[in-house]
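**Q** let me see the structure of the following:
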Amino acid sequence: MTIKEIIKLKEKVIDGYKINFDEALELYNSDYDTLTKAANEIREHFMQDKFDLCAIISAKGGNCSEDCKFCAQSAHYNKVVDSFPLLDEETVVKDAKRQKDSGVNRYSLVTIGKRLNDEEVNQAAKICKRIVQEVDIDVCISFGLLSYENFKKLHDAGVSRVHNNLESSRDYFPEVCSTHKYEDKVNAIKDAKKAGMEVCSGGIFGLGETVKDRINMALTLRELDIKSVPMNILNPIKNTPFENNKILDRLEVNRIIATYRFIMPDAYIRTAGGRINLEDKGLSAFMSGANAAISGDMLTTHGINTKTDIEMISKLGFVPNKDLK
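**A** Residues are numbered from 1 along each chain as shown. A predicted model of the protein is given here:
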């Protein structure tokens with residue numbers, strides 16, 4: 001795709017056009033500077049200076065039943081792993097207050113396993129209700145493949161958003177995990193939306209997927225009308241099947257982000273796990289179409305502290321937590 005064609009496609013997207021697979025593939029392999037600049041202009045048109053900053057807590061960890069090949073917490077690969085049950089109310093509420101004071105606007109409880117059981121969901125609903133009542137912060141949960149009834153129970157407790165990553169394309173997912181299916185994820189996303197919640201869903205890049213897989217995942221996310229899209233970069237973990245995968249470089253990551261912005265022009269495209277491994281800590285990603293981030297530590301790896309993130313994005317002209325839905 002020539003520079004003129006990129007600019008023309010950008011203008012079409014701004015006018016409401018939805019790009020197709022072939023256009024996205026050609027765009028992905030086009031001139032880097034023109035692609036990223038155009039993506040940032042699309043972001044400016046649809047999202048202005050808004051920036052969504054969130055933080056997560058590992059609310060239940062270790063000894064996971066699932067065999068996701070990237071995960072340090074899978075019992076299939078790490079036989080000696082620290083595990084702990086669902087955290088108590090006081091611990092989580094105290095941490096939510098700390099994160100709110102640090103400057104984030106959304107707080108997410110993340111647990112391991114295929115899904116929380118009914119008793120754990122009841123316990124988690126009580127925790128989330130307390131956070132909503134005592135802390136001025138939006139609450140998100142990542143509790144696996146819950147039923148519609150359990151999503152509804154959490155929504156009634158004040159949870160506004162559910163996180164459930166697709167991880168990769170439908171075609172490549174079997175190379176990533178075999179203990180649950182892609183369609184299980186899609187159905188859980190639909191049930192969460194039916195229960196009245198927004199959905200945050202994206203994936204991990206650097207798993208061995210092709211560019212076509214990356215584009216196909218973006219198109220699926222668009223079909224599901226996802227407006228918060230975490231962009232994780234694989235941080236290879238020792239003893240996992242992907243431990244020898246090469247970490248994607250900054251230019252490749254920005255190329256992915258820019259293409260996703262063309263496909264989902266009005267979404268919060270969120271840098272997430274692995275950003276700390278980029279030499280600029282994601283600075284150029286926020287000039288390539290991204291406008292959201294998970295700040296602070298991830299589940300099993302270190303992240304970037306919130307003060308540093310707020311300083312960086314403010315210098316770029318973003319206004320953290322402005323007019324968020």
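**Q** how about the helix or strand hosting Ser58: buried residues?
**A** Per DSSP states H and E, Ser58 falls inside strand 50-60. Neighbour counts over strand 50-60 (16 or more other C-beta atoms under 10 Å) mark 50-60 as buried. For glycine as for every other residue, the C-beta is placed from the backbone atoms N, C-alpha and C.
**Q** residues touching Arg106, list them.
**A** By C-beta atoms under 8 Å, 6 or more residues apart in numbering, the contact list for Arg106 reads 52-55, 137-140, 161.
**Q** just how off-centre is the strand holding Ser58 within its chain?
**A** From the chain centre to the centre of strand 50-60 is a distance of 10 Å (C-alpha atoms, centre = their mean, to the nearest Å).
**Q** what's the most distant pair in the buried residues of strand 50-60?
**A** With C-beta to C-beta as the measure, no two of these lie farther apart than Lys50 and Lys60, at 31.7 Å.
**Q** so the most centrally placed residue in the chain, which state does it fall into?
**A** In the chain, the residue lying closest to the centroid (C-alpha atoms, centre = their mean) is Pro230, at 2.0 Å. Put simply, Pro230 is strand when judged by DSSP: H, G, I helix; E, B strand; the rest coil.
**Q** isn't it up against Asn164?
**A** No: the criterion here is C-beta atoms under 8 Å, and Pro230 misses it with Asn164 at 10.3 Å.
**Q** shared neighbours of those two, anything?
**A** With C-beta under 8 Å, 6+ apart, Pro230 and Asn164 have common neighbours 200-201.
**Q** what about Thr259, how many residues nearby?
**A** When neighbours are counted by other C-beta atoms under 10 Å, Thr259 registers 27.
**Q** tell me how far it lies from Cys71.
**A** Distance of Thr259 to Cys71, given as C-beta to C-beta, to the nearest Å: 26 Å.
**Q** near Phe143, how many other residues are there?
**A** 27.
**Q** what pLDDT does the nearest residue to it once chain neighbours are set aside get?
**A** Spatial nearest neighbour of Phe143, excluding adjacent residues (C-beta to C-beta, 6 or more residues apart in numbering): Leu116 at 4.6 Å. Per-residue confidence (pLDDT) for Leu116: 96.
**Q** residues touching Leu116, list them.
**A** Leu116 neighbours (C-beta under 8 Å, 6+ apart): 60, 86, 124, 143-144, 146, 150.
**Q** repeat that for Lys315.
**A** So Lys315 contacts nothing (C-beta under 8 Å, 6+ apart).
**Q** great, nothing more from me.
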